[in-house]
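Undergrad: Below is the sequence, then the predicted model.
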Amino acid sequence: MSKTLIKNGLVVDGNGGEPKKGYVVVVGDKHIVYVGEESQYQASGDEQVVDAQGGTVLPGLIDTHVHMMMEYTPLAERLTTPFSYMYFQAQKYLENTLNAGVTTVRDALGTDLGVKKAVENGLVKGPRLQISINALTITGGHGDGTQLNGDTLDLLPSGHRGMPDGRCDGVAEVRKKTREMLRAGAEVIKVHATGGVLSPTDHPEFTQFTQEELEAIVEEGRFRKGVKVMAHAQGSEGIKNAVRAGIHSIEHGIFLDDEAIELMLENGTYLVPTLLAPVSVLETADEKGMPQSAVEKSKEVIEAHKESFTKAYNAGVKIAMGTDAGVMKHGTNLRELGLMVDSGMTPMDSIVATTKTAAECLGWDDQIGTLEAGKLADVVITKSNPIDDIYSLADNDNIQYVLKDGQVEKDQLN
């Protein structure tokens, strides 16, 4: 078994403890075989040595809310882009994400099983993928691209092989649609429990799906060996419906009230805040041709979003990092950590949210999320110390080295 020894770096293992000086990380093939003091490691002399050059050694970082098949583009460009072109664009999005130090993502709609297999089989470079296929939504709700003039302009095409359409109404339909997503390869079910910023005919506070419909979706997932459900949920009533139904994670959580937070604590529900999403809508509105409705809704929600995040964090809600990448450029994911810190989270907690807690949210914490012997060899080396400067992670030039499954995906140390 070939081994790689990573030395001369400050080790932040993802568990939230004090960073360790004088530690090494040793990788054998696809797994970590040792993390600890260099003086306690019995070297064979055959190890390939990677000098971290005084940087910081981290677990592979995790984004629990992305859309790998898209980056928001002006309408005219979408209308003149051939269908299959999006797969070639996605190759670059996947690579950009990996180069940012993000080695695992949960795709919140749009990526089919073929893309996941292409990454797994080495045809395409990219992060490890957990996929939802497509999101379930009500007629006229968030995710229904039908415009006021009757035309349908979805952000991503659906209804093609491998990508069932997500629109459904009533308990019987949501059961069938959940089964279609599972048949297509969904590892997590995505549902829109409220309206959203980018949808044309609703508002973030609008409630979608009844309690019974949400419970049916959760039940169908549970029948399949515990497949979890993630809910786009922004308004407080929709959030509470989702939590009561047994949904695993609340995405966005813009209008959290005290009752919603208490319910999340009681049920162990995760919050995936995506603070970057409305910020990016405003930043790129002119360049990307964002609808005016989305711009106005983003202005309306940003402060409430921050306040909800701060309340949830202070209350002890489990927070997993997610960005909604695809609304913004892929590879800019780690800006989210700075926004979380700006809203009251400590730098170390923001890293834990992006490693250990994110892995737990995906149900993959036995394999990834921390630097521990036996886990998959996902390792990132940064030039800077993110505990001192969390904002430095947003600069991809500071991401010096990326190891995924023991394979070097980026190396700027030499």
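TA: Sure, I can see it. Numbers count the residues shown, from 1 in each chain.

Undergrad: Got the domain ranges for the protein?
TA: Here the domain parsing of the chain from automatic domain parsing is 3-59+369-411, 61-362.

Undergrad: Identify all contacting residues around the particular helix or strand that has S298 in it.
TA: Applying DSSP states H and E as the criterion places S298 in helix 292-315. Applying CB atoms under 8 Å, 6 or more residues apart in numbering, the external contacts of helix 292-315 come out as 197-198, 200, 203-204, 234, 252-256, 258, 261-262, 264-265, 271, 273, 275, 278-279, 281-282, 285, 319, 340, 342-345, 349. The way it works is simple: take the backbone N, C-alpha and C, and place the C-beta from them, glycine included.

Undergrad: likewise stretch 346-356?
TA: 12, 14-16, 58-63, 313, 319-321, 334, 336-337, 340-341, 345, 365, 369-370, 386-388, 390.

Undergrad: Out of those residues, which sit inside strands?
TA: The strands, defined by DSSP state E, take in L58, P59, L61, I62, D63, I319 from those.

Undergrad: would you list those in TSV and tack on neighbour count and distance to G289?
TA: What follows is those, written out as TSV (neighbours: other CB atoms under 10 Å; distance: CB to CB, whole Å):
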residue	neighbour count	distance to G289
L58	28	36
P59	33	38
L61	29	30
I62	32	31
D63	29	25
I319	24	32
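
Undergrad: still on that earlier bit, could you tell me which of the contacts of helix 292-315 count as buried?
TA: Taking 16 or more other CB atoms under 10 Å as the criterion, what is buried in the contacts of helix 292-315 is 197-198, 200, 203-204, 234, 252-256, 261, 264, 271, 273, 275, 278-279, 281, 285, 319, 340, 343, 345, 349.

Undergrad: Those in strands, which ones?
TA: Counting by DSSP E, the buried ones among the contacts of helix 292-315 place H252, L271, I319 in strands.

Undergrad: what bridges to the second one?
TA: Read it as L271. Per DSSP bridges, the residues bridged to L271 are I250, I319.

Undergrad: For the helix or strand hosting Q400, what is the distance to the chain centroid?
TA: When elements are assigned from DSSP H and E, Q400 belongs to strand 399-404. From the chain centre to the centre of strand 399-404 is a distance of 18 Å (CA atoms, centre = their mean, to the nearest Å).

Undergrad: follow-up on the earlier one: got a quick PyMOL command for the buried subset of the contacts of stretch 346-356?
TA: Per 16+ other CB under 10 Å, the buried members of the contacts of stretch 346-356 correspond to this PyMOL selection:
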select buried, resi 12+14+16+58+59+60+61+62+63+313+319+320+321+334+336+337+340+341+345+365+369+370+386+387+390
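
Undergrad: Now G36: phi and psi?
TA: Note on G36: backbone dihedrals following degrees, to the nearest 10 are phi 170, psi -170.

Undergrad: burial count for it?
TA: G36 has 15 neighbouring residues, counting by other CB atoms under 10 Å.

Undergrad: go on, the one 5 residues further on?
TA: The burial metric for Y41, expressed as a neighbour count using other CB under 10 Å, is 18.

Undergrad: what do you get for the one 10 residues further on?
TA: A count of neighbours around D51, defined by other CB under 10 Å, yields 15.

Undergrad: swap in C361?
TA: So C361, with other CB under 10 Å, has 29 neighbours.

Undergrad: and it, what does it touch?
TA: By CB under 8 Å, 6+ apart, the contact set of C361 is T64, R106, H248, S249, Y270, V272, K318, A320.
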